[in-house]
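**Student:** 3D, please:
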Amino acid sequence: MAANRKTSASVKDPQRSRTPAPLGTVPIEGNECIWMRAGVLSYRLCDRGFDCEHCMLDAALQRDRTGEAAAWTQGGWGPSGYRLFPQDRRFSATHAWVVELGRSSVRIGVDALVAWLLSEAGAIKLPTPGASVARGEPLATVTSGNGKLTLAAPISGKVLARNEAVRSCPELVISAPYGAGWLVDLAVEPAHRDKQLSPLLCGSDMEQLSRGHLHDFHHRVDALVAARPRGVGATMADGGVPLGDPRSMLGAARYLKLVQELLL
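**Tutor:** Numbering: from 1, shown residues only. Predicted structure coming up:
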């Protein structure tokens, strides 16, 4: 499998490598995900031009087969040019990031894995300035299709500002999760600041955690597709048009329910 994986990555079209396929695009024949071709997955899914060497899913599945982590580029680059898990901030296990703005304030957003799994955002609801939020409680709600995803606050504090740009253009959460797609700025008590930040993960530890989360997520999706509950399947209702991504096969609401379980 390792030899095939190398071959798959090395023979991909040069233009495709410069412009990664959007999440959910069914690739042309011969550029299928090698895990789908091997029968491990029942659908084709890639957002990085079939660059297997830097794929979180490929790394997780390789670890599952061998019992140890496959080669991984620390701080690898995401599909829109951002680092997957930057070292300049900390992360919660629920996939929110925190970066310090000063001794008494922080900025919060969602990490690359949530952005990648969401793939689209139609609206986002954020708390108003002056509101108090508590760690683990709802911080933001993203509407995508006919489903919703609630994001939990990684720490407690009072809202100093919310990102009005992301409210006007929710897609920024997807395209720039560590930049223009930030969510809120919080004021934190300096006396409790270190205690709140210390449980959070550094970028490299978040990479490791996300491998496992992504692996588990895809197992759940594959199991649900295989079980074929009502409204789930690889074709449209007329049975003639093949669907190429799990969101389409499951429906937005059911798909986002699985993403929500990942964030608990």
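**Student:** would you list every one of the strands in this structure?
**Tutor:** Per DSSP state E, the chain carries strands over the ranges 90-91, 96-102, 105-110, 123-125, 132-133, 138-144, 147-152, 157-162, 184-187.
**Student:** Redo the ones you listed as TSV? Include mean neighbour count.
**Tutor:** In this view, the C-beta of every residue, glycine as well, is placed from N, C-alpha and C. Output for those, formatted as TSV (neighbours: other Cβ atoms under 10 Å):
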stretch	mean neighbour count
strand 90-91	23
strand 96-102	18
strand 105-110	23
strand 123-125	17
strand 132-133	17
strand 138-144	20
strand 147-152	20
strand 157-162	19
strand 184-187	22
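**Student:** Show me the one of those that comes nearest Arg211.
**Tutor:** strand 90-91 (13.5 Å; Cβ to Cβ).
**Student:** Let me see the mean pLDDT of the closest one.
**Tutor:** The average pLDDT for strand 90-91 rounds to 96.
**Student:** other SSEs contacting that strand?
**Tutor:** strand 96-102, helix 203-227 (3 or more Cβ pairs under 8 Å, 6 or more residues apart in numbering; DSSP states H and E).
**Student:** who's in contact with it?
**Tutor:** When contacts are defined by Cβ atoms under 8 Å, 6 or more residues apart in numbering, strand 90-91 is touched by residues 85, 97-99, 111, 154, 197, 200-203, 205-206.
**Student:** Quickly list what Val99 is bridged to.
**Tutor:** Arg107 (DSSP bridges).
**Student:** Verify the contact between it and Gln87 for me.
**Tutor:** No - using Cβ atoms under 8 Å as the test, Val99 is too far from Gln87 to be in contact (10.9 Å).
**Student:** Out of the strands of the chain, which gets nearest to Arg220?
**Tutor:** strand 147-152 (15.4 Å).
**Student:** Report all helices and strands that that closest one contacts.
**Tutor:** helix 112-118, strand 138-144, helix 252-262.
**Student:** any idea which of those is most buried?
**Tutor:** Most buried of those, by mean neighbour count (mean count of other Cβ atoms under 10 Å): helix 112-118, with a mean of 24.
**Student:** hmm, back to that, buried members of the contacts of strand 90-91 into ChimeraX, please.
**Tutor:** To isolate the buried ones among the contacts of strand 90-91 in ChimeraX, judged by 16 or more other Cβ atoms under 10 Å, type:
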select :85,97,98,111,154,200,201,203,206
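**Student:** closest to Ile174 among the contacts of strand 90-91?
**Tutor:** For those, the nearest to Ile174 is Asp111 (12.0 Å; Cβ to Cβ).
**Student:** How about the contacts made by that closest one?
**Tutor:** Contacts of Asp111 (Cβ under 8 Å, 6+ apart): Phe85, Phe91, His95, Ala96, Trp97, Pro177, Met206, Ser210.
**Student:** ok, now how distant is it from Glu207?
**Tutor:** With distances taken as Cβ to Cβ, to the nearest Å, Asp111 is found 10 Å from Glu207.
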